[in-house]
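Participant: Following is a predicted model, sequence given first.
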Amino acid sequence: MTTSELLKVSKLRVFLLACGAIATFLSVALCRTANAQHSQAPEQVAVSPNLAAVSPVPSVSAIAPVVTVTVFRRDDGRGSPGVAVAQFAPEDRAQHFEVGVKGLEARSDPVLVRWDFEALETSVGTHRRIATSEQRFPVPTDTKEVLLNGKVVLPRDWPTGRYRATISVNEQPLRMLDYIVGVEVATTSALPSITSITMLSDDGRGKPGQQRLQFVPSDRRIHFRADLGSKFTGKARWRFTAVTTAAGNNVSLLDLQGDVTDVDFLVSQMSAPQDWPIGVYRAELLLNETLAKTIDFTISRS
């Protein structure tokens, strides 16, 4: 499988057309949803890479830069990143975005980082490009992970709605960050924590098997289990993406949601009728439309 042409989601099944073959991705217990987002042209946009080294995470064999953490932060009142938030309020005129990346190779020429901001669906319009900004910087040879910071500023309150920030490295999209600008509801702070997301191979009968950190192309069915810190009732949503693969980059594979009641864990799975393209994939879990946990994993030949 070397190319990716078309994705379809039909009930609990997503079809990836690649070289004329159909790869099917299944999710358990959740149904589908649509994305929405947000607009207004800011008068100042800045990209501010921060190359401070952070603690290494458990090593996973990666064939491309991998995002390890994403954080939204309010401004501290002095133009710098402040407290982390799940979403922004309209009065958060300066919005900060923090992305941890490992796998960037040190090189003589600086790395190009670009941020693209878009309003997807807002109170004043839909699908509007806000701004683009880019900057070059060198990657230190002794740094295994870097923090890249982006910033967008509006001199007045933001329209409420859904937005997207996309970060690219050397012209290759690295991560799309969908976020909300709106009035926070009380239930947001009451969301349970995700204590862990476990990946498991299939036992050959469609059930979860052994726990795994990465997979091989012949692992055609992959299981996921998210353990919650407390009971949860509300809307749960699983989102799967092919980040960087032999069949394509940043391809949305699955986006399903459903209502659950009094649960302390959530499960999902994705499967293909033939071997997976090698590359880096991502699983995201959202609770009541708030991103609760992200995990990147690798499918490789060894």
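Facilitator: Okay, I see it.
Participant: mind listing what Arg164 touches?
Facilitator: Arg164 makes contact with 37, 117-118, 120, 176-179, according to C-beta atoms under 8 Å, 6 or more residues apart in numbering. Heads up, the C-betas are built off the backbone N, CA and C, glycines and all.
Participant: tally of neighbours for His223?
Facilitator: Counted with other C-beta atoms under 10 Å, residues neighbouring His223 total 23.
Participant: Any idea what it is bridged to?
Facilitator: Assessed by DSSP bridges, His223 has beta-bridge partners Leu200, Gln269.
Participant: now swap in Gln135 and tell me
Facilitator: Beta-bridge pairing for Gln135 (DSSP bridges): Val113.
Participant: ok, back up a step: among the contacts of Arg164, who's most crowded?
Facilitator: Busiest of those [other C-beta under 10 Å] is Phe117, holding 25 neighbours.
Participant: Now that one. Nearest residue, chain neighbours left out?
Facilitator: Spatial nearest neighbour of Phe117, excluding adjacent residues (C-beta to C-beta, 6 or more residues apart in numbering): Ile130 at 3.9 Å.
Participant: For the helix or strand encompassing the one you found, which residues meet the burial criterion?
Facilitator: With elements taken from DSSP states H and E, the one containing Ile130 is strand 125-137. Applying a neighbour-count criterion of 16 or more other C-beta atoms under 10 Å, one finds 128, 130-131, 133, 135, 137 buried in strand 125-137.
Participant: now for it, which elements pack on it?
Facilitator: strand 44-50, strand 111-122, strand 145-153 (3 or more C-beta pairs under 8 Å, 6 or more residues apart in numbering; DSSP states H and E).
Participant: Let me know the average pLDDT across that strand.
Facilitator: Strand 125-137 carries an average pLDDT of 87.
Participant: ditto for stretch 267-276
Facilitator: Averaging pLDDT along stretch 267-276 gives 89.
Participant: Quick check: buried residues in it?
Facilitator: Within stretch 267-276, the residues that qualify as buried by neighbour count (16+ other C-beta under 10 Å) are 267-272, 275-276.
Participant: Straight-line length of that stretch, end to end?
Facilitator: This stretch, stretch 267-276, spans 21 Å end to end (C-alpha to C-alpha, to the nearest Å).
Participant: Can you give the distance from it to the centre of its chain?
Facilitator: Offset of stretch 267-276 from its chain centre (C-alpha atoms, centre = their mean, to the nearest Å): 19 Å.
Participant: Likewise for stretch 242-254?
Facilitator: On C-alpha atoms, centre = their mean, the centre of stretch 242-254 falls 12 Å from the chain's centre.
Participant: And it, what's buried?
Facilitator: Using 16+ other C-beta under 10 Å as the test for burial, stretch 242-254 gives 242-251, 253-254.
Participant: Out of those residues, which is nearest to Ala165?
Facilitator: Nearest to Ala165, judged by C-beta to C-beta, of the buried residues of stretch 242-254 is Asn250 at 13.7 Å.
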